[in-house]
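Asker: Give me coordinates for this.
(one chain, ligands or ions: 1)
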Amino acid sequence: MQLSYELKTLRLLHPFILSDSRIETKDVIIIRIEHEGTAGIGESSPSRYYGEPPESVLECLGKAAVLLKRFKDPSAIDDIMQWLLQHFPENNSARSGIDIALHDWLGKKLQMPLYKCFRLDKAKTPLTSFTIGIDELNVIEKKIHEAESYPILKIKLGVGDLDYEIIKSIRKVTDKTLRVDVNEGWNKEEAALKIDWLAREEVELIEQPLPKENYDDMIWLKQRSVLPLFADESVKTNEDISGLRECFHGINIKLDKCGGLREAMRMIKTARKHELKVMLGCMIQTAIGTTAAAHISPMADFADLDGHLLLTDQSFKGMEIKNGKIILNDKYGIGILK
Ligand SMILES: [Mg+2]
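Answerer: Presented below is the predicted three-dimensional model:
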């Protein structure tokens, strides 16, 4: 089997501002696996935060392209991914891109959309939230109007007293469901005060309120929080989950953090065992990555699969989103149309 890849720089509709960073473009790597005349497509959207700059993905894929020739059958996905994990344990995003391409290849070969390969019901896809990044209040208001067709908004906070102003100005213009993502931006006392206030503003849940290493503070916060708390930066792979039960009510699983669809499905099962809710999230990326994740979204409680909607370039088309609902098409594999 033949693996090829190309770096693509994506431009964002609005600069993406988090409590600790600002970005205007995002580098992703589009991956192709070809075998017996069928091509599977995948995407890696790596992040420096998780120790994977795009250069490390390119380096990993360069080596993998040579080494993967030893595998004669791309449908042996478990074997291939296990082998890649042993050789590239730190390259979760690179492995995720390969995992997606292998699944796309398999779906095309079997002439089945991916959700059917997984025996899932596409009617059960959840609604996705639409992300509103940190910005000037008048810009946020404009973004809320632009997001009119999305019934659930994920609001980025973690900027001190401005957090109150952001929510107040949003609540002036909409009574939609709001989820809040803090990206580690609060300390524990601040979190306790703000969560009580956000509950009164009818916020549904809070994502990653505290820095990921603050386990004791997270345990303290979970005991007193009136809103469900979700881990994002605190959880990468299956082995992180059991330690988070005391800290959170749920976890945000992303293919680029964990290493692909196989690991994500394993994580969903582990989360259920620990009575944790499951959100399926994404990076800023094309519809290849978000649509791949959407195929397992019938297994999740919440979805935040809007990464491709934040881009100027929509050259890859996959799932549709109608009034927030994820709609999978019935093309074979992931169902990417270009
Ligand atoms: Mg997050």
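
Asker: what about the closest residue to residue 278 other than its chain neighbours, neighbour count?
Answerer: Spatial nearest neighbour of residue 278, chain neighbours left out: residue 300 (4.6 Å); criterion: CB to CB, 6 or more residues apart in numbering. (C-beta placed from N, C-alpha, C; glycine too.) Neighbours of residue 300 under the rule other CB atoms under 10 Å: 25.

Asker: confidence score at whichever residue of the stretch 101-250 of the chain sits closest to the ion?
Answerer: Of all residues in the stretch 101-250 of the chain, the one sitting closest to the ion is residue 232 (3.6 Å; CB to the ion). pLDDT for residue 232: 98.

Asker: Would you mind naming the helix or strand containing the residue positioned nearest the centre of the chain?
Answerer: By CA atoms, centre = their mean, the chain has its centre lying nearest to residue 282, at 1.7 Å. Under the criterion DSSP states H and E, no helix or strand holds residue 282.

Asker: From residue 287, how far off is the closest residue to it other than its chain neighbours?
Answerer: Once flanking residues are discounted, residue 282 sits nearest to residue 307: 4.1 Å by CB to CB, 6+ apart. Look at residue 307 and residue 287: by CB to CB, to the nearest Å, they are 8 Å apart.

Asker: tell me, how many neighbours does residue 214 end up with?
Answerer: Residues lying near residue 214 (other CB under 10 Å) number 18.

Asker: try residue 85
Answerer: Residues within reach of residue 85, counting by other CB under 10 Å, total 17.

Asker: Read off the pLDDT value for it.
Answerer: Reported pLDDT for residue 85: 97.

Asker: mind giving me the domain split of the chain?
Answerer: 2-112, 117-327 (automatic domain parsing).

Asker: end-to-end on the first one?
Answerer: Across its full length, domain 2-112 reaches 22 Å between end residues, using CA to CA, to the nearest Å.

Asker: One more: stretch 212-229?
Answerer: End-to-end distance (CA to CA), stretch 212-229: 13 Å.

Asker: how about that stretch: buried residues?
Answerer: 212, 214, 217, 218, 220, 221, 222, 225, 227, 228, 229 (16 or more other CB atoms under 10 Å).

Asker: Okay, and which of those map to helices?
Answerer: The helices, defined by DSSP state H, take in 217, 218, 220, 221, 222 from the buried residues of stretch 212-229.

Asker: List the residues that contact the closest residue to the first one other than its chain neighbours.
Answerer: In this case it means residue 217. Of all residues not flanking residue 217 in the chain, residue 188 sits nearest, at 4.1 Å (CB to CB, 6+ apart). By CB atoms under 8 Å, 6 or more residues apart in numbering, the residues touching residue 188 are 210, 214, 217, 220, 221.

Asker: Ok, residue 261 next?
Answerer: 99, 100, 103, 255, 292, 293, 295, 296.

Asker: Inside helices: which ones of those residues?
Answerer: Counting by DSSP H, these contribute 99, 100, 103, 255, 292, 293 to helices.

Asker: Which members of those additionally contact the ion?
Answerer: Among those, no residue is within reach of the ion (CB under 5 Å from the ion).

Asker: Residue 10 and the ion: what is the separation?
Answerer: Separation of residue 10 from the ion (CB to the ion, to the nearest Å): 19 Å.

Asker: Can you tell me the element that residue falls in?
Answerer: Taking DSSP H and E as the criterion, the element that holds residue 10 is strand 2-18.

Asker: The next helix or strand after that strand close to the ion?
Answerer: Next in sequence after strand 2-18, counting helices and strands by DSSP H and E, comes strand 21-35. No. Taking CB under 5 Å from the ion as the criterion, strand 21-35 and the ion are apart, separated by no less than 12.4 Å.
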